[in-house]
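Participant: Mind folding the following:
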Amino acid sequence: KVEVHFVNSEKLTDENVGEALKGMAGVMIGPGFGQRGIDGKFVAIKYTRTHDIPTFGICLGMQCIAIEFARNVLGFADANSREMDEKTPHNVIDIMEEQKAITNMGGTMRLGAYECVLQKGSKVFEAYGQEHIQERHRHRYEFNNDYLAQFEAAGMKAVGVNPDTNLVEVIELENHPWFIGTQYHPEYKSTMLSPSPLFVSFVRAALDYAEKEQKQNK
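Facilitator: Residues are numbered from 1 along each chain as shown. Alright, predicted model coming up:
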């Protein structure tokens, strides 16, 4: 059975993250809005990325994964989302083109199910067992494709893309046990009898990690 431990990202720092995430077999960076707790999420993501801990970012969580990678791997120290910093010179997450003229946030987000094409050979493709999927969305900001080539060259691959808009839906880190971010919300379609393939894959990766840690600590 999965044991869930809530970690308040507002309290996470580079100094205490090792203790806070000690014993965790997998870390989920959840969805949300706004600035609150963001810096702690970056701290957690850097820690799990560099310690090979399975990591799953959903919506804002995926965007935080992209921002942390841009800052600490690509070297854009001031990388950010336009949601957090409108003046950021490295807007790796930007507001969607069709949202720019809209001021009423509540009812204007990208909502509903959208097509996504998965890259064969990726862990996400392996999880779903098919190339074409449909997942549901609820957001206004997207990965900025202007940075895609630099991300991919450094090992962060766009492994799920919307075929109509070319927007990045899924990112996955190469040479890591399981490090995935989805712009969509897999939990919206996930049920007890038919769980999202990504949750199943994430839990399996966490089990593998826990077993490996157990053997190393014997």
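Participant: okay, stretch 31-43 in CSV with CA atoms only?
Facilitator: C-alpha atoms of stretch 31-43 as CSV (Å, rounded to 0.1, in the frame of the first residue of the first chain):
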residue,chain,number,x,y,z
PRO,A,31,-0.5,21.1,-9.1
GLY,A,32,-1.6,24.6,-7.9
PHE,A,33,-1.5,28.3,-8.6
GLY,A,34,0.7,31.2,-7.7
GLN,A,35,3.9,31.9,-5.8
ARG,A,36,3.3,30.2,-2.5
GLY,A,37,5.7,27.4,-1.7
ILE,A,38,7.3,27.6,-5.1
ASP,A,39,10.9,28.0,-3.9
GLY,A,40,10.6,24.9,-1.7
LYS,A,41,9.4,23.0,-4.7
PHE,A,42,12.5,23.9,-6.6
VAL,A,43,14.6,22.7,-3.7
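Participant: Report the buried residues of it.
Facilitator: By neighbour count with 16 or more other Cβ atoms under 10 Å, stretch 31-43 contains the buried residues 31, 37-38, 40-43. For the C-beta atoms, the positions are set from N, CA and C on the backbone; glycine is no exception.
Participant: Nearest to E169, out of those residues: which one, please.
Facilitator: Nearest to E169 out of the buried residues of stretch 31-43 is P31 (Cβ to Cβ; 14.2 Å).
Participant: That closest one reaches G61, doesn't it?
Facilitator: Yes - counting by Cβ atoms under 8 Å, P31 touches G61, with 6.1 Å between them.
Participant: Which parts of the chain are helices?
Facilitator: 17-20, 38-50, 60-72, 123-128, 148-153, 197-216 (DSSP state H).
Participant: For D78, what are phi and psi?
Facilitator: Here is the backbone geometry of D78 (degrees, to the nearest 10): phi -100, psi 20.
Participant: thinking again about what came up before, as CSV, the buried residues of stretch 31-43 with distance to F76 would be great.
Facilitator: As requested, these are exported to CSV (distance: Cβ to Cβ, whole Å):
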residue, distance to F76
P31, 24
G37, 21
I38, 16
G40, 20
K41, 17
F42, 13
V43, 17
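Participant: Save these as CSV, and put in pLDDT and distance to N144 too.
Facilitator: Formatted as CSV, the buried residues of stretch 31-43 follow (pLDDT from 0 to 100; distance: Cβ to Cβ, whole Å):
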residue, pLDDT, distance to N144
P31, 86, 19
G37, 86, 22
I38, 90, 17
G40, 96, 23
K41, 96, 19
F42, 97, 17
V43, 97, 23
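Participant: Let me know the closest of the residues you listed to C116.
Facilitator: P31 (16.9 Å).
Participant: for the closest one, phi and psi?
Facilitator: phi -80, psi 170.
Participant: coming back round to it: can you say which of the helices of the chain is packed in most?
Facilitator: Most buried of the helices of the chain by mean neighbour count (mean count of other Cβ atoms under 10 Å) is helix 60-72; its value is a mean of 24.
Participant: residues in contact with that one?
Facilitator: 28-33, 38, 41-42, 45-46, 49, 55, 57, 76-81, 90, 92-93, 139, 141, 143, 147, 151, 154, 156, 170-171, 173, 179, 181-183 (Cβ atoms under 8 Å, 6 or more residues apart in numbering).
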